[in-house]
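S.K.: Sequence and predicted model, in that order:
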Amino acid sequence: MATKAQLRKMEAECNRWNTKYPVGTDVMLNKDGHDEPVPTKTRSTAQILSGHSVVIWLENVSGCYLLSHVKPANI
């Protein structure tokens with residue numbers, strides 16, 4: 001389980017993402033085991049999973065991915 005400081009940092013990361021990028025944002029996903037990023041869209045806000053990881057749910061992708069693997073498509 002994360003410390004309070006780590007949780008605050010993760011909450012701030014979620015808040016930064018969610019403020020800039022609403023659900024439905026076009027993104028590029030660096031999918032595990034793939035060399036090239038995959039285009040998709042967000043289908044959730046960024047959130048903390050089980051108190052230890054910042055994740056997001058994406059269209060046409062099974063499960064969630066670490067937010068660090070996702071970048072807005074317009075960048």
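M.R.: Sure thing, it's come through.
S.K.: buried residues in stretch 23-42?
M.R.: The neighbour-count check on stretch 23-42 (16 or more other Cβ atoms under 10 Å) flags 25, 27, 28, 29, 31, 40, 42 as buried. Any C-beta I mention is one placed from the backbone N, CA and C, and that applies to glycine too.
S.K.: okay, these in a markdown table with secondary structure next?
M.R.: As requested, the buried residues of stretch 23-42 are exported to a markdown table (DSSP: H, G, I helix; E, B strand; the rest coil):
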| residue | secondary structure |
| --- | --- |
| 25 | coil |
| 27 | strand |
| 28 | strand |
| 29 | strand |
| 31 | coil |
| 40 | strand |
| 42 | strand |
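S.K.: can you put those residues in TSV and add distance to residue 54 and pLDDT?
M.R.: Shown next, in TSV, are those (distance: Cβ to Cβ, whole Å; pLDDT from 0 to 100):
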residue	distance to residue 54	pLDDT
25	16	97
27	14	98
28	17	97
29	15	97
31	17	89
40	17	97
42	13	98
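S.K.: Could you work out the most separated pair of the residues you listed?
M.R.: The span of the buried residues of stretch 23-42, defined through Cβ to Cβ, is set by 25 and 31 at 17.1 Å.
S.K.: Point out where the chain drops to low pLDDT.
M.R.: 75 (pLDDT under 70).
S.K.: same thing but 90
M.R.: 1-2, 31-35, 51, 74-75 (pLDDT under 90).
S.K.: sorry, back to before: let me know the closest of the buried residues of stretch 23-42 to residue 59.
M.R.: Checking the buried residues of stretch 23-42 one by one against residue 59 (Cβ to Cβ), the nearest turns out to be residue 40, at 5.2 Å.
S.K.: roughly how far apart are the closest residue to that closest one other than its chain neighbours and residue 19?
M.R.: Nearest residue to residue 40, sequence neighbours excluded (Cβ to Cβ, 6 or more residues apart in numbering): residue 58, at 4.6 Å. Applying Cβ to Cβ, to the nearest Å, the value for residue 58 to residue 19 is 19 Å.
S.K.: the more surrounded of these two?
M.R.: Neighbours per residue (other Cβ atoms under 10 Å) separate residue 58 from residue 19, with residue 58 holding more: 21 against 8.
S.K.: right, and that one touches residue 27 too?
M.R.: Yes: using Cβ atoms under 8 Å, residue 58 is in contact with residue 27, at 7.1 Å.
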